[in-house]
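K.L.:
Provided below for reference: sequence and predicted model.
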Amino acid sequence: MPQKITDTAKLSCNQGTTPSNLSVTSQNFSTAEGKHIATEQDKQANINIKPFGQCKLKPTSGGYLPCIPAPVAWEKTTQKDTINSYKILTEDSFCMCSIGGKIEITNKGHVEKHEV
């Protein structure tokens, strides 16, 4: 069964050069190991999803431009379980970037098993 994702989960973009962390702001009461559980609403650039270094899709003569995420929507979220009517993110969830990258979860942000 897929595991829930929490605040501080590690993210990567297949077009970025460095990993990033997820910051949960969609809710402040449902936790796992004292960390807030992520929902499909945690998709704001520079708030929930920080930059990924440089973007391979934005070359310039001096290198690459910064990889500022432009998330569209989280996919492969929970089917039934919700928090505040928002579907919960799992380790299988991913988010497409409108620039062309794919944002994936590389570390769920906690150690215990918290299945959905």
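P.N.:
The structure has been received and is ready for your questions. These figures come from a predicted structure and were not determined experimentally.
K.L.:
which residues are contacting the lowest-mean-pLDDT helix or strand in the chain?
P.N.:
Least confident element among the helices and strands of the chain, by mean pLDDT, DSSP states H and E: strand 31-32 (a mean of 92). With contact meaning Cβ atoms under 8 Å, 6 or more residues apart in numbering, strand 31-32 is reached by 4, 6, 37, 110, 112, 114. (C-beta placed from N, C-alpha, C; glycine too.)
K.L.:
Look up how far Lys102 lies from His36.
P.N.:
His36 sits at a distance of 24 Å from Lys102 (criterion: Cβ to Cβ, to the nearest Å).
K.L.:
Neighbour count for these two, which is higher?
P.N.:
More neighbours surround His36 than the other of His36 and Lys102, with 21 against 13 (other Cβ atoms under 10 Å).
K.L.:
Ile5 is in contact with the more buried one, correct?
P.N.:
No - checked against Cβ atoms under 8 Å, the pair His36 and Ile5 is beyond contact range at 10.1 Å.
K.L.:
Which stretches in the chain count as strands?
P.N.:
10-13, 20-21, 31-32, 35-36, 54-60, 63-66, 71-75, 82-83, 86-87, 94-97, 102-107 (DSSP state E).
K.L.:
Now distance to Lys43 too, for the ones you listed, in JSON lines please.
P.N.:
Listed next are those as JSON lines, based on distance: least, Cβ to Cβ, whole Å:
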{"stretch": "strand 10-13", "distance to Lys43": "11"}
{"stretch": "strand 20-21", "distance to Lys43": "13"}
{"stretch": "strand 31-32", "distance to Lys43": "19"}
{"stretch": "strand 35-36", "distance to Lys43": "15"}
{"stretch": "strand 54-60", "distance to Lys43": "18"}
{"stretch": "strand 63-66", "distance to Lys43": "18"}
{"stretch": "strand 71-75", "distance to Lys43": "4"}
{"stretch": "strand 82-83", "distance to Lys43": "15"}
{"stretch": "strand 86-87", "distance to Lys43": "10"}
{"stretch": "strand 94-97", "distance to Lys43": "6"}
{"stretch": "strand 102-107", "distance to Lys43": "9"}
